[in-house]
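Asker: here is the input, now give the coordinates:
(one chain, ligands or ions: 1)
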Amino acid sequence: MPTAIHMEDVSVLRHGQTKPILRQLSLNVQSGQWVALCGQNGAGKTTLARTLLGLCPIAAGRIRIHGHDVKEATAQQIQMVFQPPMAQLVGSTLYEELALTLVQRFPAINTADLLHQISDICQLVGLNVPIDASVHALSGGQLQRLCIAQALLSGAEVLLLDEASAALDADARNQLRHLLRELVKQGKTILFISHDMEDVLAADRVVLLADGGIVQDCHPADFFYDAQGTDCPARDFGFAPPFLVETALMYNRLERQHIKPCSESAFVEALAHVVRT
Ligand SMILES: Nc1ncnc2c1ncn2[C@@H]1O[C@H](COP(=O)(O)OP(=O)(O)OP(=O)(O)O)[C@@H](O)[C@H]1O
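Answerer: Alright, predicted model coming up:
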């Protein structure tokens, strides 16, 4: 798989500060990988994402997005779903907002195709509001979905999501995780900043930031389960394991097993395997 994100010894200083917010940080992400970026408040997650967009100048190091220098990366290579959502919206209606993105990408697009693509993307992200709805009349969750729709319509290969599930209810969070999994299967690369441990569990890889540096980079199974499967290393970093992990840890302790599921289906499969053997 080609490298989608390449960060090499990157340091970032914010205006007026002497202490770097990102400290000689190196990170490589392959195309088609879903990375959960987590860390406590102020760890540098948003700064890292903004740096990948070229919005925070780097004091040292280098960044390449799909082989291009970060300064030359286009909207079709990398896009961010910002938090709060209004930060990225410029149109006054849902139609205007999405049509603008499509016209930028396909200047010759006709109205029928425009409406078709907008309708498809709204269905994909579960945005069930009239096309002429005012952006200001949308709920937090609907705005979040609109921003995700917009990022997808841009055609970007790399999607950065900053707390994109924060305004969503539990069902919508699940839907978003399914959508992200589908996008990854289609080859998109996802960097998902989230404090929600269910989001972290659903990823292919967890990168934990603390004080501007990477302190953990591993598979979710190694983030949430120790070698025996009876304890949760993520607790040492201040993160409570999600319910599925809690349940598996308890099961392992009671039944002296070592299963480490990261999804409901993996849990069922692991239990079936234990019963068979
Ligand atoms: N525009 C800015 N100017 C100066 N310092 C900033 C700026 N934005 C962020 N910082 C500082 O950079 C550090 C990292 O902030 P950042 O927003 O990247 O953290 P984060 O991990 O995304 O936090 P959170 O989980 O709270 O969103 C913090 O100490 C913050 O105060």
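
Asker: now the strands: where do they sit in the stretch 51-200 of the chain?
Answerer: Under the criterion DSSP state E, counting those that start in this stretch, the stretch 51-200 of the chain contains strands at 60-65, 68-69, 78-81, 158-162, 189-193.

Asker: now render those as TSV, adding mean neighbour count.
Answerer: Every residue, glycine included, has its C-beta placed from N, CA and C. Output for these, formatted as TSV (neighbours: other CB atoms under 10 Å):
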stretch	mean neighbour count
strand 60-65	18
strand 68-69	12
strand 78-81	25
strand 158-162	24
strand 189-193	26
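
Asker: looking at the ones you listed, which is closest to C232?
Answerer: strand 189-193 (20.3 Å; CB to CB).

Asker: what bridges to the nearest residue to H219 once chain neighbours are set aside?
Answerer: Closest residue to H219 apart from its sequence neighbours, by CB to CB, 6 or more residues apart in numbering: R205 at 6.4 Å. Applying DSSP bridges to R205 gives these bridge partners: V35.

Asker: I'd assumed D217 was in contact with R205.
Answerer: Yes. Applying CB atoms under 8 Å as the test, R205 and D217 come out as touching, 7.2 Å apart.

Asker: tabulate the strands of the stretch 51-200 of the chain (CSV), appending distance to the ligand and mean pLDDT.
Answerer: Converted to CSV, those look like this (distance: least, CB to the nearest ligand atom, whole Å; pLDDT from 0 to 100):
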stretch, distance to the ligand, mean pLDDT
strand 60-65, 16, 95
strand 68-69, 22, 90
strand 78-81, 12, 88
strand 158-162, 7, 93
strand 189-193, 7, 96
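
Asker: let me see the contact set for the nearest residue to S134 once chain neighbours are set aside.
Answerer: Counting by CB to CB, 6+ apart, S134 lies nearest to T93, which is 5.8 Å off, once chain neighbours are set aside. Going by CB atoms under 8 Å, 6 or more residues apart in numbering, T93 touches 131-135.

Asker: show the pLDDT at T93.
Answerer: Here the pLDDT value assigned to T93 is 90.

Asker: for the ligand, see how far away it is.
Answerer: To the ligand, T93 is 30 Å away according to CB to the nearest ligand atom, to the nearest Å.

Asker: so which of the contacts of T93 is the closest to Q228?
Answerer: V135 (50.7 Å).

Asker: read off the pLDDT value for the spatially closest residue to S139 that is not a sequence neighbour.
Answerer: Spatial nearest neighbour of S139, excluding adjacent residues (CB to CB, 6+ apart): A167 at 7.7 Å. For A167, the pLDDT comes out at 75.

Asker: all further residue positions should be reported with the first residue as 26.
Answerer: Okay, using 26 as the starting number, the last item reads as A192.

Asker: so who does A192 touch?
Answerer: Neighbouring residues of A192 by CB under 8 Å, 6+ apart: 110, 164-166, 168-169.

Asker: what's the nearest residue to the residue positioned nearest the centre of the chain if we skip its chain neighbours?
Answerer: Nearest residue to the geometric centre of the chain (CA atoms, centre = their mean): F217, 1.6 Å. The shortest distance from F217 to any non-neighbouring residue, by CB to CB, 6+ apart, is to L186 (4.7 Å).

Asker: if we can go back for a sec, who's the residue nearest to the centre of the chain bridged to?
Answerer: Residues in beta-bridge contact with F217 (DSSP bridges): A61, L186.

Asker: kind regards, and thank you for your time.
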